[in-house]
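A.B. asks: sequence first, predicted coordinates after that:
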Amino acid sequence: MSHHIVQADDLHYTYPDGTVGIDSISFRITHGESVALVGANGAGKSTLLLHLNGCLISSKGDIRIGDYPLNKKNIKAVRRSVGMVFQNPDDQLFMPTVFDDVAFGPINLGMHESKVKKKVLHALETVGAEHLINRLPYKLSGGEKRAAAIATVLAVSPDVLVMDEPTSNLDPMSRKRLINLLKTFEHTKIIATHDLDMALDLCERTIVLHKGKITADGPTMDLFNDAGLLARSGLEKPLGMQGCPVCNR
Amino acid sequence: MNMATLENKLFDIGYMDTLASGTTGLHQLDPRAKLITTLIFVSMVVSLGKYEISMMIPFVIYPMAMILLGELPFNYLLKKMVLVAPFAILIGIFNPFMDREVLVQIGSLGVSGGWISFFSIMMRFGLTVSAALILISLTGFNAVCMALERLGVPKPFVIQLLFLYRYLFVLIDEASRMVRARSLRSFGSSGMHFKIFVSLIGQLLLRTLDRAQRIHLAMCCRGFDGHIRINRPMKFGFNEIRFVLTWSLLFVCFRSYNIPLKIGELIAEYF
């Protein structure tokens, strides 16, 4: 039995104001896969992510995490195995210090104090942020905030990592560092992003969303070579696959 | 006023957290000791009668000692006090007009009870606000909150304070970005019209609600069940007891005996 499988069957969600968020979404992501979720603004990426650990409940269709369907009864277990990194680290870091923030999850799981401390240290070490442990979240730089936010999720040892725009607002070096860090993770990863170069770097599989529907699902390289598909979905070839701007080749 | 300067000048309260990471003996004391001492100090100062200016003078020793021993920047604290001074002035400014009975005669100048009570309000303000600022500069806002919780203040209240402090900066950031965006497109017309002001405030409220919702989601994702558990080892040892007892005794003395008057009498006796 594996918790690492994420399966969606015919998901529908309409916001209370009538906007269609997602419309008949189905996919199956298996153990250790790294999947990019791409699409124009408002395509439904964030809405879909919020379904994966029960922040939003679909009006039709269901989600299975591992062998369990996601419902009120096992939402706690699901949230433990699906770690969610929000787009804005300020939303994620709500405690007085970085330590408290990373410890928030483990403490809520009822871990013993000494074990909590170990978990926190380990999570911060993994993202290379152990020196931030006693800092105040509002005083961190953008890159440091992102690292701390990822540590808060790693501290509960999730099986699946769900990330919303992890490289947004980062300088090129911090972005590179984050990508290299994510490469070392063995979790199942689901990453919503506009950064197609990162998708190319990290994810062997890509799901393209357009107006709430899946328009393509397949190997990243194949999809990014399909200029028509990208144009229809409000996207563009990643820079890494475009010709050299100087020699035009 | 431009929000950028407002941001820098008025709200550099974050600097207090930098101060709180100092390493003097006062910084190392258990937050509870400093909190209790400050509370006793404030209650002693506030309970003095409205004409008793002379009895307040010895109390100045406490903030002065804390600033010196805690190596705090005097000018910074003074500026913060000046910022809130208008509130105290507003409270006391009508006393000279209401209470015109002459209480003290200095040469040919009669000082009315109203002026004396005005000065006593200002002194009380100076003493209590400086004590509070010093407490936070020596301890850090978060540690003060933890101390409150340990001393039995209801948890929801403490959590509210912690969140208020955490998101105060985010809110100020957000507000200053909006004000900047407005001023960049208002091309020199300096006054903010009421209508624009209302819509800015409304926007800010909506954004705050949105953010609150996202934070709540983030909390739920990590197993929030209505309780926030923060564990901080705190140790109330010999140093703390000594600190609280010494200062409290001094405050009680200052409160019970008019020391400046006693000193005056002593000097008068000798000469």
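C.D. replies: Thanks, I have the structure now. Residues are numbered from 1 along each chain as shown, chains lettered A, B, ... in the order given.

A.B. asks: up against chain A, what does the stretch 51-200 of chain B have?
C.D. replies: With the criterion set to CB under 8 Å from any CB of the partner chain, the stretch 51-200 of chain B comes near chain A through B:Asn142, B:Cys145, B:Leu162, B:Phe163, B:Tyr165, B:Arg166, B:Tyr167, B:Phe169, B:Val170. In this view, the C-beta of every residue, glycine as well, is placed from N, C-alpha and C.

A.B. asks: could you say which helix or strand contains the first one?
C.D. replies: When secondary structure is defined by DSSP states H and E, B:Asn142 falls within helix B:141-150.

A.B. asks: what residues sit buried inside stretch A:176-190?
C.D. replies: Neighbour counts using 16 or more other CB atoms under 10 Å in any protein chain shown place A:Arg177, A:Leu178, A:Ile179, A:Leu182, A:His187, A:Thr188, A:Lys189, A:Ile190 of stretch A:176-190 among the buried residues.

A.B. asks: what's the pLDDT at the third one?
C.D. replies: At A:Ile179, the model reports a pLDDT of 93.

A.B. asks: ok, now how distant is it from B:Val170?
C.D. replies: 27 Å (CB to CB, to the nearest Å).

A.B. asks: try the second one
C.D. replies: Relative to B:Val170, A:Leu178 is positioned 22 Å away (criterion: CB to CB).

A.B. asks: ok, back up a step: now for the buried residues of stretch A:176-190: which two are most distant?
C.D. replies: A:Arg177 and A:Thr188 (21.9 Å; CB to CB).

A.B. asks: sec struct for the residue in the stretch 101-250 of chain B that chain A sits nearest to, please.
C.D. replies: Across the stretch 101-250 of chain B, no residue is closer to chain A than B:Gly223, which sits at 3.4 Å (CB to the nearest CB). Three-state assignment for B:Gly223 (DSSP: H, G, I helix; E, B strand; the rest coil): coil.

A.B. asks: name the nearest residue to it, ignoring sequence neighbours.
C.D. replies: Leaving aside its sequence neighbours, B:Gly223 sits nearest to A:Asn108 (CB to CB, 6 or more residues apart in numbering or on different chains; 3.4 Å).

A.B. asks: equivalent analysis for B:Phe157, please.
C.D. replies: B:Leu148 (7.9 Å).

A.B. asks: go on, B:Met234?
C.D. replies: B:Asp30 (5.4 Å).

A.B. asks: repeat for A:Leu121
C.D. replies: A:Glu130 (6.6 Å).

A.B. asks: tell me the pLDDT of that neighbour.
C.D. replies: 91.

A.B. asks: over to B:Asp173?
C.D. replies: 82.

A.B. asks: what do you get for B:Tyr62?
C.D. replies: Per the predicted model, pLDDT is 95 at B:Tyr62.

A.B. asks: okay, now A:Ala151: neighbour count?
C.D. replies: A total of 28 residues lie near A:Ala151 under the criterion other CB atoms under 10 Å in any protein chain shown.

A.B. asks: and it, what does it touch?
C.D. replies: Taking CB atoms under 8 Å, 6 or more residues apart in numbering or on different chains as the criterion, A:Ala151 is in contact with A:Val98, A:Val102, A:Val120, A:Ala123, A:Leu124, A:Thr126, A:Val127, A:Ala129.

A.B. asks: name the element the nearest residue to B:Ile93 once chain neighbours are set aside belongs to?
C.D. replies: Of all residues not flanking B:Ile93 in the chain, B:Phe118 sits nearest, at 6.9 Å (CB to CB, 6+ apart). Taking DSSP H and E as the criterion, B:Phe118 maps to helix B:113-139.

A.B. asks: same thing with B:Leu168?
C.D. replies: With DSSP H and E as criterion, B:Leu168 is part of helix B:155-184.

A.B. asks: same check, this time on B:Ile40
C.D. replies: Assigned by DSSP H and E, B:Ile40 falls in helix B:31-46.

A.B. asks: which helices and strands does that helix pack with?
C.D. replies: helix B:113-139, helix B:141-150, helix B:238-256 (3 or more CB pairs under 8 Å, 6 or more residues apart in numbering or on different chains; DSSP states H and E).

A.B. asks: same for the shortest one, what does it pack against?
C.D. replies: Pointing back at helix B:141-150 there. Helix B:141-150 packs on helix B:14-20, helix B:31-46, helix B:113-139, helix B:155-184, going by 3+ CB pairs under 8 Å, 6+ apart.

A.B. asks: list the contacts of it.
C.D. replies: So helix B:141-150 is contacted by A:96-97, A:136, B:16-17, B:20, B:30-32, B:34-35, B:135-136, B:139, B:155, B:157-158, B:161-162, B:165, B:230, B:232, B:234 (CB under 8 Å, 6+ apart).

A.B. asks: which of the three states applies to A:Ile63?
C.D. replies: A:Ile63 is classified as strand under three-state DSSP.

A.B. asks: swap that for A:Val156, please
C.D. replies: Classified using three-state DSSP, A:Val156 is coil.

A.B. asks: from the contacts of A:Ala151, which ones fall inside helices?
C.D. replies: Members of the contacts of A:Ala151 lying in helices (criterion: DSSP state H): A:Val98, A:Val102, A:Val120, A:Ala123, A:Leu124, A:Thr126.

A.B. asks: my read is that the last one contacts A:Leu154, right?
C.D. replies: In this case it means A:Thr126. Yes - counting by CB atoms under 8 Å, A:Thr126 touches A:Leu154, with 5.8 Å between them.

A.B. asks: higher neighbour count, the two?
C.D. replies: A:Leu154 (23 against 17).

A.B. asks: what's around the closest residue to the more buried one other than its chain neighbours, how many residues?
C.D. replies: In space, and not counting its chain neighbours, A:Leu154 is closest to A:Ala123: 4.3 Å by CB to CB, 6+ apart. The local packing of A:Ala123 (other CB under 10 Å) involves 24 other residues.

A.B. asks: show me what contacts A:Ala123?
C.D. replies: A:Val102, A:Ala151, A:Thr152, A:Leu154, A:Ala155.

A.B. asks: tabulate these in CSV, adding columns for distance to B:Gly70 and pLDDT.
C.D. replies: As requested, the contacts of A:Ala123 are exported to CSV (distance: CB to CB, whole Å; pLDDT from 0 to 100):
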residue, distance to B:Gly70, pLDDT
A:Val102, 30, 93
A:Ala151, 33, 93
A:Thr152, 33, 93
A:Leu154, 38, 91
A:Ala155, 35, 92
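
A.B. asks: and which of those is nearest chain B?
C.D. replies: Distances from chain B to those, taken by CB to the nearest CB, are shortest for A:Thr152, at 6.8 Å.

A.B. asks: can you report phi and psi for whatever residue of chain A ends up closest to chain B?
C.D. replies: With CB to the nearest CB, the shortest gap between chain A and chain B falls at A:Asn108, namely 3.4 Å. With angles defined as degrees, to the nearest 10, A:Asn108 sits at phi -60, psi -20.

A.B. asks: try A:Asp23
C.D. replies: phi -140, psi 120.

A.B. asks: excluding sequence neighbours, find me the nearest residue to it.
C.D. replies: A:Gly212 (4.2 Å).

A.B. asks: show me the contacts for A:Arg64.
C.D. replies: A:Ile5, A:Val6, A:Gln7, A:Ala8, A:Asp9, A:Leu70.

A.B. asks: same question for B:Val84.
C.D. replies: B:Val84 touches B:Val129, counting by CB under 8 Å, 6+ apart.

A.B. asks: what pLDDT is listed against it?
C.D. replies: 84.

A.B. asks: downstream neighbour of the strand or helix carrying it in the secondary structure list?
C.D. replies: In this structure, B:Val84 sits in helix B:74-92 according to DSSP H and E. Next along the chain after helix B:74-92, taking DSSP H and E as the criterion, comes helix B:95-98.

A.B. asks: so for that following helix, what gets flagged as buried?
C.D. replies: Neighbour count says helix B:95-98 has B:Asn95, B:Pro96 buried, by 16+ other CB under 10 Å.

A.B. asks: what's the average pLDDT for it?
C.D. replies: 84.
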